[in-house]
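Engineer: model the structure of this input:
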Amino acid sequence: MARKDAPPKVKDASALESVAPKRVRVEDLYLDPKNPRLAEDGFGIEDQGQILKVLWKERAVNEIVNSIATSGYWPQEVLFAAKEEGKLVVVEGNRRLSAVKLLLSRDLQKEVGATGVPNIEKSRRDSLLHLPVIEYTRKQLWEYVGFKHVNGPQDWDSGLHPPDWTKYVRVVGRIIPMGEKGSCHEATAKVQPRVQTSSC
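Structural biologist: Below is the predicted model:
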């Protein structure tokens, strides 16, 4: 039986941005242990503190923290998430989610060793309690992420850049098994026709 709150079907992953986002509580959003820059570390969904620590130390989350503290969270910067094991996991937008979580929680700042996080006024804090989210399956979102970052001008939110495309394809191959519709090779063909071979 399909979930009552299941996301609507979209034939073309590149059309995901046309879907209206919903506002979701930050505390209900999870960082993605299958992020291409984290997948080889072997994190699980329960390792949220460790994931946040890595993103803070290695992915320049402090820059986003300062930007949001100064200018607020831009509503057009939608997070893309997939419901997995009953949890809403952010597939695209982990650094932004990390920044917001740190701005909202002194305890998290201490846990991950995040220093220099500015205090924010109550109105700014209240505005960060819910973030815009579009929900789809991981298969659809991987296809979208590849389309967005390989064919478009936007930098990889995960820190993954075109020279690391082979690694991206390897990770997708582990997450989306070969032989399934929407598999690694199918997604690769749709978002990066210039890739001649895949190391799935």
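
Engineer: for the rest of this, base every contact and every neighbour count on C-alpha atoms.
Structural biologist: Noted.

Engineer: in the chain, what helix or strand scores lowest on average pLDDT?
Structural biologist: Counting by mean pLDDT, DSSP states H and E, the weakest-scoring helix or strand in the chain turns out to be helix 184-191, with a mean of 41.

Engineer: shaky segments in the protein?
Structural biologist: For the chain, the stretches with pLDDT under 70 are 1-17, 39, 146-200.

Engineer: can you map out the helices along it?
Structural biologist: Taking DSSP state H, the helices of the chain run over residues 48-58, 61-71, 94-104, 106-112, 122-127, 138-151, 165-175, 184-191.

Engineer: okay, now F80: neighbour count?
Structural biologist: Neighbour count for F80, taken as other C-alpha atoms under 10 Å: 25.

Engineer: er, E40 actually
Structural biologist: Per other C-alpha under 10 Å, the neighbour tally for E40 reads 11.

Engineer: quick check: closest non-adjacent residue to L104.
Structural biologist: R125 (6.6 Å; C-alpha to C-alpha, 6 or more residues apart in numbering).

Engineer: roughly how far does the one you found sit from Y30?
Structural biologist: Separation of R125 from Y30 (C-alpha to C-alpha, to the nearest Å): 19 Å.

Engineer: higher neighbour count, those two?
Structural biologist: Set side by side, R125 and Y30 show more neighbours around Y30, with 22 against 16, by other C-alpha under 10 Å.

Engineer: tell me who's in contact with the nearest residue to the more buried one once chain neighbours are set aside.
Structural biologist: The spatial neighbour of Y30 that comes closest, neighbours along the chain excluded (C-alpha to C-alpha, 6+ apart), is V89 at 4.7 Å. Taking C-alpha atoms under 8 Å, 6 or more residues apart in numbering, we find V89 in contact with 29-32, 81-83.

Engineer: and for L102?
Structural biologist: With C-alpha under 8 Å, 6+ apart, L102 has these contacts: 65, 108-109, 114, 117.

Engineer: by neighbours, which of the residues you listed wins?
Structural biologist: Most neighbours among these, by other C-alpha under 10 Å: V65, with 25 neighbours.

Engineer: ok so, going back, most widely separated two among the contacts of L102?
Structural biologist: Within those, V65 and L108 form the most distant pair, 13.4 Å apart (C-alpha to C-alpha).

Engineer: if we can go back for a sec, beta partners of the residue nearest to Y30?
Structural biologist: For V89, the beta-bridge partners are Y30, A82 (DSSP bridges).

Engineer: got a list of contacts for stretch 107-127?
Structural biologist: Residues from elsewhere that reach stretch 107-127 (C-alpha under 8 Å, 6+ apart): 49-50, 52-53, 56, 62, 65-66, 69, 72, 101-104.

Engineer: write the ChimeraX selection for whichever of the residues you listed are buried.
Structural biologist: For the buried members of those, the matching ChimeraX selection, counting by 16 or more other C-alpha atoms under 10 Å, is:
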select :52,53,56,62,65,66,69,72,101,102,103,104
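
Engineer: cheers, nothing more for now.
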